[in-house]
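Asker: Whatever this is, show me its structure:
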Amino acid sequence: MAHKRNLNILLIVLVFVYACAVGDYKQVKTVNKSYLISFDSGIPKSFQVKINSIFKQNNGYGENVKININNYLFKQYEVYSGRSLRALESEAKSSLQVTIVSNGNEINKSLMSMKRFDSIELNPLAEQEMLSFIENEMFDDLLNQIIIEVNLIDL
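Answerer: Numbering: from 1, shown residues only. Reported below is the predicted structural model:
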């Protein structure tokens with residue numbers, strides 16, 4: 001009886017593992033890749049530092065993957081509503097264009113990040129701090145999108 005029960009549990013686990021396709025993952029090796037990164041003059045320095053810390057520039061050997069980042073835009077506008085027509089929310093959008101060249105393949109992508117935050121209870125100093133925090137979060141979001149695009153090219 002216990003043997004039959006253990007066999008049933010084993011079969012359920014095997015079906016679950018097979019259904020999840022656990023064996024389909026591949027490890028991508030990007031050790032021998034060198035990244036040549038160029039920035040437009042409008043890209044903020046803090047974003048450049050984040051990108052350079054992720055993509056190590058290695059000009060010695062291996063394939064070269066060229067990453068060109070340009071046309072950075074940051075816009076913020078208020079959403080007005082209510083009896084007093086005060087700004088209830090603020091919305092911030094940032095976008096940039098990325099060109100990735102690897103093995104003769106060129107891919108152009110427009111990446112965008114958008115965040116909303118409440119602004120009705122904030123004083124002007126707190127609103128500026130919240131806006132700089134949101135902009136930093138957008139940098140992280142755009143950086144993650146760039147990493148995904150570069151890894152898709154590496155596959």
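
Asker: export stretch 117-132 as CSV, just CAs?
Answerer: Coordinates of the C-alpha atoms in stretch 117-132 are reproduced here as CSV (Å, rounded to 0.1, in the frame of the first residue of the first chain):
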residue,chain,number,x,y,z
PHE,A,117,2.5,58.9,-7.8
ASP,A,118,0.1,60.8,-5.5
SER,A,119,1.0,64.5,-5.1
ILE,A,120,-2.0,65.9,-3.1
GLU,A,121,-0.4,65.4,0.3
LEU,A,122,3.1,66.5,-0.6
ASN,A,123,4.7,69.8,0.1
PRO,A,124,7.0,71.2,-2.7
LEU,A,125,10.2,69.8,-1.2
ALA,A,126,8.8,66.4,-0.7
GLU,A,127,7.4,66.5,-4.2
GLN,A,128,10.9,67.2,-5.6
GLU,A,129,12.3,64.3,-3.6
MET,A,130,9.6,62.0,-4.8
LEU,A,131,10.2,63.1,-8.3
SER,A,132,14.0,62.4,-8.0
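
Asker: can you give me how far it is from the chain middle?
Answerer: Centre-to-centre, stretch 117-132 and its host chain are 24 Å apart (CA atoms, centre = their mean, to the nearest Å).

Asker: Quick one: residues contacting the nearest residue to residue 98 once chain neighbours are set aside.
Answerer: Using CB to CB, 6 or more residues apart in numbering and skipping residues adjacent in sequence, the residue nearest residue 98 is residue 109, 4.9 Å away. Where C-beta positions appear, they are placed from N, C-alpha and C, glycine not excepted. Applying CB atoms under 8 Å, 6 or more residues apart in numbering to residue 109 gives the contacts 97-100, 149.

Asker: Which strand residues bridge residue 37?
Answerer: residue 67 (DSSP bridges).

Asker: That one: how many residues sit nearby?
Answerer: Residue 37: 17 surrounding residues under other CB atoms under 10 Å.

Asker: So it sits against residue 64, correct?
Answerer: No - using CB atoms under 8 Å, residue 37 is not in contact with residue 64; the gap is 10.9 Å.
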